[in-house]
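>>> structure for this input, please:
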Amino acid sequence: IEETTDCLLNNQNELIAILEKTPELINFSSKKFPNLLSAASDVPLPDVMRYLYIKGIEYPYTEENSLVCKDFAKQEKLKKDARALIEQKQTKKLRTLLKENPLIRYSVYEKGKTLLHLSCELPKILTLLLEDPIINVNVQDQYGHTPLHLACFSNDVNSIKVLLAVRTRTLLHIKDVQGNTPLHLACLKKNPKMVKCLLLAGADPSIVANDWKPRDMILANKKLKSCIKYLDVLQPKL
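I've put the predicted structure just below:
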């Protein structure tokens, strides 16, 4: 940002795409700027500032009456509105909100939850959110759960299928803080439909978590017997 401001001012969407793909970059700081939001405000890059703010980056300046703070207050309200629409399962109204305010789809809430996490049992809303080609489908909350982890927790096969439909973007082997992949959770739920979906998508049944492998549970559990034939499916290259 410090070196290429003129270029970035006209290409803010590209920078947002980079930050969404590599979220660790959001934690930028330097001697001059305490965080990335302060750096973006120095240019300024208004869309990048909004993106960082709804991601939970603190605005370090106390300009209570400034246009910037008023705009951030508006973004905060839009975040709350988006969450409420998901809780109410209002897909059409959410689509309208996101069409008018596309950055809101990247919102982060308490405990690192995103709109994708909040929609893990709502396949229609997941489909709507995933229409954006840059949204990070592998984003993890503070427990290490991706939206796919939570869909498995929820026993929601349809949501799992939606997440796996963007196969080039969805990573199957991310572990949560307890070391579980989505396949581990599907096995713990003893849900053969979920296990089958994950195996056919390329999930590795040999990954160890807490001293056990999904392969071993599938072979030993009667409820998962129908999944044995999918254990050695050729892993697709994602």
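
>>> what mean pLDDT does the helix or strand hosting Leu198 have?
Per DSSP states H and E, Leu198 falls inside helix 192-201. In this model, helix 192-201 has an average pLDDT of 97.

>>> show residues contacting that helix.
Residues outside helix 192-201 that contact it (Cβ atoms under 8 Å, 6 or more residues apart in numbering) are 152, 155, 157, 160-161, 164, 167, 170, 172, 182-183, 186-187, 205, 214, 218, 223-224, 226-227, 230-231, 233, 236. Yep, even glycine has a C-beta here, placed from its N, CA and C like the rest.

>>> filter those down to just the ones in helices.
Those of those mapping onto helices are 152, 157, 160-161, 164, 182-183, 186-187, 214, 218, per DSSP state H.

>>> now the residues you listed in JSON lines, with neighbour count, distance to Pro46 and pLDDT?
Shown next, in JSON lines, are the ones in helices among the contacts of helix 192-201 (neighbours: other Cβ atoms under 10 Å; distance: Cβ to Cβ, whole Å; pLDDT from 0 to 100):
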{"residue": "Cys152", "neighbour count": "31", "distance to Pro46": "38", "pLDDT": "98"}
{"residue": "Val157", "neighbour count": "18", "distance to Pro46": "41", "pLDDT": "97"}
{"residue": "Ile160", "neighbour count": "27", "distance to Pro46": "37", "pLDDT": "98"}
{"residue": "Lys161", "neighbour count": "16", "distance to Pro46": "38", "pLDDT": "97"}
{"residue": "Leu164", "neighbour count": "19", "distance to Pro46": "36", "pLDDT": "96"}
{"residue": "Pro182", "neighbour count": "33", "distance to Pro46": "37", "pLDDT": "98"}
{"residue": "Leu183", "neighbour count": "28", "distance to Pro46": "42", "pLDDT": "98"}
{"residue": "Ala186", "neighbour count": "33", "distance to Pro46": "43", "pLDDT": "98"}
{"residue": "Cys187", "neighbour count": "29", "distance to Pro46": "47", "pLDDT": "97"}
{"residue": "Pro214", "neighbour count": "29", "distance to Pro46": "46", "pLDDT": "97"}
{"residue": "Ile218", "neighbour count": "24", "distance to Pro46": "51", "pLDDT": "97"}
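
>>> with that, I have no additional questions.
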